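Student: would you be able to build a 3D model of this:
(3 chains)
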Amino acid sequence: MGVNAAYADAIDSDRLEDWPAFFTERCHYRVTHIENEQEGLPAGVVWADSRAMLADRVAALREANVYERQRYRHLLGTPLLLSQSATEAVARTPFMVARIMHEGQTQLFASGVYQDRFVVEGDRLLLAERVAVCDSTVTDTLMALPL
Amino acid sequence: MGVNAAYADAIDSDRLEDWPAFFTERCHYRVTHIENEQEGLPAGVVWADSRAMLADRVAALREANVYERQRYRHLLGTPLLLSQSATEAVARTPFMVARIMHEGQTQLFASGVYQDRFVVEGDRLLLAERVAVCDSTVTDTLMALPL
Amino acid sequence: MGVNAAYADAIDSDRLEDWPAFFTERCHYRVTHIENEQEGLPAGVVWADSRAMLADRVAALREANVYERQRYRHLLGTPLLLSQSATEAVARTPFMVARIMHEGQTQLFASGVYQDRFVVEGDRLLLAERVAVCDSTVTDTLMALPL
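Tutor: Numbers count the residues shown, from 1 in each chain, chains lettered A, B, ... in the order given. The predicted structure follows:
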């Protein structure tokens, strides 16, 4: 899906302001980890239910100057399509994210799977839901760039 | 190939019992490393020639409770098709596998290439052969989850 | 794009001599990093403007026996197509490269994005330009295998 490639490129190229536009106006974005998800705990470490909240998060990250201190590189696998209709698709897509610190060290920062629901709006495919389920329970995502 | 995405998802989502069904009943599954492979040593660190043997391996991993102690995340590249007919395809697919330990650390556990022969059975594409050739000679795959 | 899979396979399988053939005879290949690129510094750490220069580099790497000491494993994302015509395509493709040392350690060596211009020559898609922009400013690429 080209939309996944564009999503990752926006974040990794420091065009964070483009990130909310990948979502529908009312949406569900959440970063959580596998144990919380299996226990059905709804609240993740990062949470938003509208494009406006995503834009607020970008503003907060800019304020905190987080991009000065780190960069991300997303690598996504092939989406596993769980269901598909003319207007909607549900898919799981695995990811690995490397974090590159300002001083140069690169580390495998996070791995996991996106649980997504895409919807067609006009000629675009938008995310109505993206839950990033991290494999590790200790990923430090509090002041992190979006997954 | 959707089958590769489904294969990785089964392992990484702890649905190990689904893993043997990606193979034909008589099959060849092997985990080895590049130096053994180049010297033509047939025996790898993990080896099976039937779906039943793969199921036995899953049972042994459950017995050993290996999933309590670690998780995997596979990320696969685009398959490089070496030959293709109406009933068969031979392909090489690169992989990286992250291991996430119970305490939370994530490390790049293994990298390498799948050397695969897929066959069509009914409406499914099954693995008649998958040889996972690891790049490193020291990957600890003895009691590991499947690659 | 099958050409990206074949490109990575040639390097990671130690068929370095096949690598220059992925480029047009006059070409532009460069390895640089994000800060240099943003400041418009044209010179990267590795640089070539012809297939012959790429072949020279392979010869130098063989002379230095660099492959005895390390292997690479490339994992590439889906290309993000920026423009496309009947004869040309401009794309960005993210990459992660693991380095496997002779003693067995595997590390995430480099991440970044290829900035590519492909052209059609006969029935092949060749690289007229590939700029590998690394995310880290400190990747040790001086005597490294090609990215």
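
Student: can you pull out the strands in chain A?
Tutor: Taking DSSP state E as the criterion, chain A contains strands spanning A:23-33, A:46-50, A:70-76, A:80-84, A:88-101, A:106-121, A:124-134.

Student: residue contacts, the residue of chain A found nearest chain B?
Tutor: Using Cβ to the nearest Cβ, the single residue of chain A nearest to chain B is residue A:138, 3.4 Å away. Using the backbone N, CA and C atoms, a C-beta is placed for each residue, glycine as well. With contact taken as Cβ atoms under 8 Å, 6 or more residues apart in numbering or on different chains, residue A:138 is in contact with B:103, B:104.

Student: pLDDT score assigned to it?
Tutor: pLDDT for residue A:138: 81.

Student: just to check, residue A:136 is in contact with residue B:100?
Tutor: Yes - under the criterion of Cβ atoms under 8 Å, residue A:136 makes contact with residue B:100 at 4.9 Å.

Student: settle it for me: which of those two has more neighbours?
Tutor: residue B:100 (27 against 23; other Cβ atoms under 10 Å in any protein chain shown).

Student: which residues are in contact with that one?
Tutor: Listed by Cβ under 8 Å, 6+ apart, the contact set of residue B:100 reads A:111, A:135, A:136, B:70, B:71, B:72, B:73, B:106.

Student: for residue A:62, which non-adjacent residue is closest in space?
Tutor: Using Cβ to Cβ, 6 or more residues apart in numbering or on different chains and skipping residues adjacent in sequence, the residue nearest residue A:62 is residue A:16, 7.3 Å away.

Student: count of residues packed around the one you found?
Tutor: By other Cβ under 10 Å, 20 other residues sit near residue A:16.

Student: contacts only, for it.
Tutor: Residues in contact with residue A:16 (Cβ under 8 Å, 6+ apart) are A:10, A:58, A:61, A:62, A:67, A:145, A:146.

Student: next, format the strands of chain A as CSV and append mean pLDDT.
Tutor: Shown next, in CSV, are the strands of chain A (pLDDT from 0 to 100):
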stretch, mean pLDDT
strand A:23-33, 95
strand A:46-50, 92
strand A:70-76, 95
strand A:80-84, 96
strand A:88-101, 96
strand A:106-121, 96
strand A:124-134, 96
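
Student: circling back to that earlier point, select only the buried ones of the contacts of residue B:100 in PyMOL?
Tutor: Here is the PyMOL selection string for the buried members of the contacts of residue B:100, based on 16 or more other Cβ atoms under 10 Å in any protein chain shown:
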select buried, (chain A and resi 111+135+136) or (chain B and resi 71+72+73+106)
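
Student: what is the nearest of the contacts of residue B:100 to residue B:22?
Tutor: Residue B:22 has its nearest neighbour among those in residue B:72, at 15.3 Å by Cβ to Cβ.

Student: measure the closest one to chain C for me?
Tutor: For residue B:72, the distance to chain C (Cβ to the nearest Cβ, to the nearest Å) stands at 14 Å.

Student: which non-adjacent residue is nearest that residue?
Tutor: Excluding the flanking residues, the one nearest residue B:72 by Cβ to Cβ, 6+ apart is residue B:145, at 5.0 Å.

Student: got it, and residue A:3?
Tutor: Of all residues not flanking residue A:3 in the chain, residue A:125 sits nearest, at 5.0 Å (Cβ to Cβ, 6+ apart).

Student: residue of chain A nearest chain C, please.
Tutor: Using Cβ to the nearest Cβ, the closest approach of chain A to chain C is made by residue A:104 at 3.4 Å.

Student: give me the pLDDT for that residue.
Tutor: For residue A:104, pLDDT reads 82.

Student: what's near enough to touch it?
Tutor: Taking Cβ under 8 Å, 6+ apart, we find residue A:104 in contact with C:136, C:137, C:138, C:139.

Student: hmm, 6 Å instead?
Tutor: Residues in contact with residue A:104 (Cβ atoms under 6 Å, 6 or more residues apart in numbering or on different chains) are C:136, C:137, C:138.
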